[in-house]
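Enquirer: Build me a model:
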Amino acid sequence: MGHDISGYNKAGEEIAYARFSMGNYNAIILYDLLDANQFYAGVSGCGDSSTFSIKQIEKALNDYNQFFSNDNSQAESYSETWDQKQIQNFILNCLVAARKEGSVKVFFG
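Expert: Numbering: from 1, shown residues only. Below is the predicted model of the structure:
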């Protein structure tokens, strides 16, 4: 089990992907940033999807920047920095697609 979160363009092509093991608390950060906690099912996503507008993804990126700029921990572990980069890349890839097509679909598995 784990969290497999995928972003799709309107052609149904996967344009973003983030993977968290079932015990990785960093998954919750991505759900929070997307304001998608209703899709969080504990050890994995609920298996449903939602469409996000440009404005929603831009807000997620803004919230990401604020959240991580306030995290001045010098003792970050490799997994934390890996997950931080994974979350950033996911949001940025979704933003590119949303700006191009008006929205992006995200699946929470």
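Enquirer: burial count for residue 52?
Expert: 23 (other CB atoms under 10 Å). Every C-beta, even on glycine, is put in place using the N, C-alpha and C of the backbone.
Enquirer: Use 43 as the first number from now on
Expert: All set: I'll call the first residue 43, so the last point we hit is now residue 94.
Enquirer: pretty sure it is in a strand, no?
Expert: Yes. Under DSSP: H, G, I helix; E, B strand; the rest coil, residue 94 sits within a strand.
Enquirer: so who does it touch?
Expert: Residue 94 makes contacts with 76, 102, 136, 140, 145-148, as judged by CB atoms under 8 Å, 6 or more residues apart in numbering.
Enquirer: Residue 125 too?
Expert: 62, 66, 68, 71.
Enquirer: got a winner among those for most neighbours?
Expert: residue 62 (23 neighbours).
Enquirer: For that one, which non-adjacent residue is spatially closest?
Expert: Of all residues not flanking residue 62 in the chain, residue 69 sits nearest, at 3.7 Å (CB to CB, 6 or more residues apart in numbering).
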